[in-house]
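Visitor: Sequence first, predicted coordinates after that:
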Amino acid sequence: MKNKITIAIDGFSSTGKSTLAKELARHLGYVYVDTGAMYRAIAFFAMQNKYISKNFFDSQSLINELPSIKLVFKFNPNLGFAEMYLNNVNVEAQIRTLEVSNFVSKVAEISEVRSKLVEQQKEIGKNKGIVMDGRDIGTVVFPDAELKIFMTASPKTRAERRFKELKDKGDNVTFEAVLQNVEERDYIDTHREDSPLVKAKDAIEFDNSNITKEEQFKKVMQLISLS
Ligand code: DC
């Protein structure tokens, strides 16, 4: 494969999209973009400003503030990937909590939020040589991507992975709360009006409930060599 391509990875939460995307980017010398981090940063901003909490969401105030929100990815050579900065502050750790996960799908339903982020994502990927993961990359952001992957796994398998990740970080969460969050996000992400999570017609589906990361990586690399 001589020319750089665009690789779009979509799918349900905790299907290992970012693990696969990071590995592909490292292997190919491509840029990796985690679009979920952008939605998470906006949700974190809404939480900080008290626009969103349990049973309350002042979406109009968030929409009014959107032009002043600056999101930047900065590559951290020690980690080997880019971290999310919200208005010049590194929020990488804060955006990965279960609390942010509980609000982010509500924020991602708002069309004004989506159009701001999609515009920035298109700009970042305009020169190809990019691996971008999210929910609408192959359908909305890069409908002409040369390779589209759609990842699934059972909710239980995904909640187990997420639970382990959060526990390893020292977060005090229960498996039931994580499973509930996975199921709620699946519902909102697939039922929202603007850019719901759907498999693009030309995407290749991977159900990775029962295959290893290594097997999956090998299969995707074979697909890339054919692109
Ligand atoms: O990939 P993630 O779990 O970090 O994404 C967090 C949320 O952001 C997810 O529940 C839905 C939303 N999202 C989206 O709507 N569109 C994207 N391209 C990426 C994420």
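Guide: Happy to help now that I have it. Source: prediction; values computed, not measured. Numbers count the residues shown, from 1 in each chain.
Visitor: what about the closest residue to Val107 other than its chain neighbours, neighbour count?
Guide: In space, and not counting its chain neighbours, Val107 is closest to Ala43: 4.3 Å by C-beta to C-beta, 6 or more residues apart in numbering. All C-beta atoms are positioned from the backbone trio N, CA, C, and that covers glycine. As a burial measure, Ala43 scores 25 neighbours (other C-beta atoms under 10 Å).
Visitor: Please apply the same query to Met84.
Guide: Other residues within reach of Met84, judged by other C-beta under 10 Å, total 23.
Visitor: three-state assignment of the residue nearest to Val107?
Guide: helix (DSSP: H, G, I helix; E, B strand; the rest coil).
Visitor: Distance check, it against Val100.
Guide: 5 Å (C-beta to C-beta, to the nearest Å).
Visitor: for this structure, what's the longest helix?
Guide: Longest helix in the chain, counting residues (DSSP state H): helix 175-191.
Visitor: could you point out which element follows it?
Guide: strand 204-207 (DSSP states H and E).
Visitor: In contact with the residue nearest to the spatial centre of the chain, which residues are there?
Guide: Here the mean C-alpha position of the chain is nearest to the C-alpha of Gly36 (C-alpha atoms, centre = their mean), at a distance of 2.9 Å. Contact analysis of Gly36 by C-beta atoms under 8 Å, 6 or more residues apart in numbering lists 13, 18, 104, 133-135.
Visitor: please redo it, this time with the cut-off set to 7 Å
Guide: By C-beta atoms under 7 Å, 6 or more residues apart in numbering, the residues touching Gly36 are Gly134.
Visitor: now the one 10 residues further on
Guide: By C-beta under 7 Å, 6+ apart, Ala46 lies in contact with 52, 62, 103, 107.
Visitor: which among those residues gets closest to the ligand?
Guide: Looking at these and their distance to the ligand, the nearest is Val107, at 7.8 Å (C-beta to the nearest ligand atom).
Visitor: I'd say that closest one and Val113 touch.
Guide: Yes - contact criterion C-beta atoms under 7 Å: Val107 and Val113 qualify, at 6.0 Å.
Visitor: Quickly list what's touching both of the two.
Guide: Ile42.
Visitor: Quick check: closest non-adjacent residue to Asn181.
Guide: With C-beta to C-beta, 6+ apart, the residue lying closest to Asn181 is Ser101, at 5.3 Å.
Visitor: How about Glu23?
Guide: In space, Glu23 is closest to Phe217, 5.7 Å off (C-beta to C-beta, 6+ apart).
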